[in-house]
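J.: show me the folded form of this:
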Amino acid sequence: MDDFLCIAHRGASGHRPENTLAAFEYALELGCDWLELDVYAVEGELIVIHDDTLDRTTNGHGPVMGSTLANIRTLDAGDGEPVPTLTDVIELVDHRAAINIELKGPATVTPVNQLLRDLTAAGWSSEEFLISSFDHEQLGAVASGLRRGVLFGRDVSDWLPRARALAPWSVNFSRRSVTPDVASASTTAGYHTLVYTVDDVNEMQQMVDIGFSGIFTNFPDRALALIEQLKV
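T.: Numbering: from 1, shown residues only. Here you go, the predicted model:
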């Protein structure tokens with residue numbers, strides 16, 4: 001059970017506003033070894049936000065890519081929390097956990113590559129990061145030496161050849177589409193097999209029993225408690 005990954009989905013987003021420093025800090029306080037977040041590149045800065053519009057998660061309105069960086073930085077992302085940059089989150093984490101960076105916006109891979117090159121040159125390990133995306137074209141442009149996580153939605157009929165083409169570290173499946181056979185095939189192929197987004201404790205137990213490598217969850221406290229119970 002020590003190898004089963006509990007990945008805090010957008011931070012401990014079941015307890016704090018998603019993709020905020022408060023959510024990431026709380027996940028770290030809970031003892032998470034992995035955090036997941038989403039990025040868009042706005043005016044050359046990597047902004048941590050999930051949706052392509054500002055409306056659901058902030059007090060702003062309109063498309064993320066139609067806004068200015070200055071405007072986004074003034075918004076309230078919940079409980080008075082600002083929309084952070086990826087650099088803000090990395091500085092907060094400070095080697096306390098690995099970070100799964102999901103490429104959401106267009107042309108996001110280039111600034112992510114550059115940032116991680118700079119960080120590894122400054123002493124960070126490439127193993128502290130996982131770059132994932134549903135946009136497999138962008139994922140294919142992730143710099144050599146960085147870990148890739150191939151994201152799949154409900155259509156997994158041809159997942160294996162698509163994954164192989166990207167030489168991933170992990171294959172990340174929706175809980176709605178993944179099956180024990182898929183888990184077995186992914187593990188046999190040598191990939192870490194991760195499932196999103198699992199919040200029910202009984203379902204978490206099922207993921208462990210099937211043999212998945214880990215889960216993304218909005219409630220990492222539940223997953224961490226289960227992992228501790230299973231060690232006994």
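J.: sheet partners, orientation included, of the biggest strand by length in the chain?
T.: For the chain, the longest strand by residue count, based on DSSP state E, is strand 34-42. Strand 34-42 has its sheet partners listed here by DSSP bridges as strand 5-9 (parallel), strand 45-48 (antiparallel), strand 98-103 (parallel).
J.: how about the second one, which residues are buried there?
T.: When you say that, I think you mean strand 45-48. 46-48 (16 or more other CB atoms under 10 Å). Every C-beta, even on glycine, is put in place using the N, C-alpha and C of the backbone.
J.: quick one: contacts of it?
T.: Contacts to strand 45-48, defined as CB atoms under 8 Å, 6 or more residues apart in numbering, come from residues 19, 37-41, 64, 69, 72, 83-89, 108, 111-112, 115.
J.: can you redo the buried residues of strand 45-48 as CSV with distance to Ser170 and pLDDT?
T.: Listed next are the buried residues of strand 45-48 as CSV, based on distance: CB to CB, whole Å; pLDDT from 0 to 100:
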residue, distance to Ser170, pLDDT
Leu46, 21, 98
Ile47, 24, 98
Val48, 20, 98
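J.: that older thread, among the strands paired with strand 34-42, which is nearest Ser132?
T.: Closest of the strands paired with strand 34-42 to Ser132 is strand 98-103, at 5.0 Å (criterion: CB to CB).
J.: for that closest one, buried residues please.
T.: In strand 98-103, counting by 16+ other CB under 10 Å, buried: 98-103.
J.: which one of the residues you listed is nearest Met207?
T.: The nearest member of those to Met207, counting by CB to CB, is Asn100 at 16.8 Å.
J.: Glu36 is in contact with the closest one, correct?
T.: Yes: under the criterion of CB atoms under 8 Å, Asn100 makes contact with Glu36 at 4.2 Å.
J.: so where's the protein uncertain?
T.: The model of the chain has pLDDT under 70 over residues 1-2.
J.: now do the helices in it.
T.: 21-30, 69-72, 86-93, 109-121, 136-140, 159-164, 180-188, 201-210, 220-231 (DSSP state H).
J.: tell me which of those helices sits most buried.
T.: Burial of these is given as mean neighbour count (mean count of other CB atoms under 10 Å); helix 21-30 ranks first at a mean of 22.
J.: ok, the buried residues of strand 98-103 vs Tyr191, which is closest?
T.: The closest of the buried residues of strand 98-103 to Tyr191 turns out to be Asn100 (CB to CB; 14.5 Å).
J.: need the contact list for that closest one.
T.: 7, 34-37, 129-132, 149.
J.: any idea how far apart the tips of stretch 184-200 sit?
T.: One end of stretch 184-200 sits 22 Å from the other (CA to CA, to the nearest Å).
J.: returning to that earlier point: will you turn the strands paired with strand 34-42 into CSV that also has distance to Ala163?
T.: CSV is the format used below for the strands paired with strand 34-42 (distance: least, CB to CB, whole Å):
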stretch, distance to Ala163
strand 5-9, 18
strand 45-48, 25
strand 98-103, 16
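J.: to Ala167, which of the ones you listed lies closest?
T.: Nearest of the strands paired with strand 34-42 to Ala167, taken as CB to CB: strand 98-103 at 16.5 Å.
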